[in-house]
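Visitor: I would like the atomic coordinates for the input below:
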Amino acid sequence: MNDERRLALREHARLPLLGAVVLAAVCGVTLAIAPAGPPSWFLEVSPGLIYAAVLAALYRRMPLSHLVYAGVFVHVLILIYGGMYTYAETPLGNWARDTFHQSRNEYDRVGHLALGAFPVLTVREILLRQTPLERGGWLTFLSLSVVLAFAAFWELIEWWVAELTAPGVGTAFLGTQGDVWDTQWDMLLALVGAALSLLFVRKLHDASMRSVP
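Guide: Sure thing, here's the model as predicted:
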């Protein structure tokens with residue numbers, strides 16, 4: 001690696017490093033005060049932290065756009081808030097339920113929209129940079145397909161966790177709140193989140209990619 005590229009990578013790394021430091025501080029504070037307890041916190045937040053850690057490990061080999069790293073930051077914050085209380089008991093979701101006379105706490109819907117909206121940018125960028133795919137229909141189709149596949153796999157993980165952990169912890173992690181169609185809603189919302197992200201953020205993502213060393 002030449003000195004010019006090393007300097008460019010170091011400059012590019014400032015934003016993701018700042019995000020990592022802030023997330024570490026937020027994780028420490030919220031884990032200490034989480035009303036739902038550490039087991040719920042770890043179950044909800046650890047996938048996002050693993051996602052961030054993988055991107056960090058690959059940084060020198062494949063730095064991604066600042067928009068992707070900002071999306072990871074926001075996504076993990078959403079997971080942390082859900083993990084503090086469990087998705088069915090988040091104060092913000094309870095406020096919305098009572099204010100708008102809803103039948104359930106809908107914060108988990110926000111979480112599954114985020115599961116599509118932010119990771120789809122990572123998928124899109126990797127496909128553009130690591131495969132012969134060009135911008136167009138096939139890129140959109142495959143980006144959405146990967147997100148939908150992961151959303152379906154996440155529902156399998158929720159099922160396995162509910163079967164293998166203590167009943168209270170597993171039920172809280174599953175978070176169906178009595179909705180028999182919760183699994184289907186979760187997968188659909190991830191797909192909708194991904195589609196909206198590609199529709200409205202695609203050009204911003206392209207511009208952000210142009211600044212990657």
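Visitor: where in the chain is the helix or strand with the lowest mean pLDDT?
Guide: Counting by mean pLDDT, DSSP states H and E, the chain has its least confident helix or strand at helix 167-174, which shows a mean of 61.
Visitor: what is the subsequent helix or strand relative to that one?
Guide: Counting by DSSP states H and E, the element after helix 167-174 in chain order, helix or strand, is helix 182-209.
Visitor: buried residues in that following helix, which are they?
Guide: 182-183, 186-191, 193-195, 197-198, 201, 205, 208-209 (16 or more other C-beta atoms under 10 Å). Where C-beta positions appear, they are placed from N, C-alpha and C, glycine not excepted.
Visitor: what helices or strands is it leaning on?
Guide: helix 66-85, helix 107-117, helix 119-130, helix 137-164 (3 or more C-beta pairs under 8 Å, 6 or more residues apart in numbering; DSSP states H and E).
Visitor: for this structure, what are the low-confidence residue spans?
Guide: 1, 166-178 (pLDDT under 70).
Visitor: center of it - which residue?
Guide: Nearest to the mean C-alpha position of the chain, counting by C-alpha atoms, centre = their mean, stands residue 75 at 4.1 Å.
Visitor: wait, what's in contact with that one?
Guide: Counting by C-beta atoms under 8 Å, 6 or more residues apart in numbering, residue 75 touches 48, 51, 114-115, 118-119.
Visitor: can you redo the residues you listed as JSON lines with neighbour count?
Guide: Supplementary listing: the contacts of residue 75 in JSON lines, determined by neighbours: other C-beta atoms under 10 Å:
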{"residue": "48", "neighbour count": "24"}
{"residue": "51", "neighbour count": "17"}
{"residue": "114", "neighbour count": "23"}
{"residue": "115", "neighbour count": "26"}
{"residue": "118", "neighbour count": "26"}
{"residue": "119", "neighbour count": "25"}
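Visitor: from these, which is closest to residue 100?
Guide: Residue 100 has its nearest neighbour among the contacts of residue 75 in residue 114, at 20.1 Å by C-beta to C-beta.
Visitor: can you tell me which residues contact that closest one?
Guide: Residue 114 is in contact with 74-75, 78, 193, counting by C-beta under 8 Å, 6+ apart.
Visitor: rerun at 6 Å
Guide: Listed by C-beta atoms under 6 Å, 6 or more residues apart in numbering, the contact set of residue 114 reads 75, 78.
Visitor: swap in residue 54?
Guide: By C-beta under 6 Å, 6+ apart, the contact set of residue 54 is empty.
Visitor: ok, residue 83 next?
Guide: By C-beta under 6 Å, 6+ apart, the contact set of residue 83 is 40-41, 44-45.
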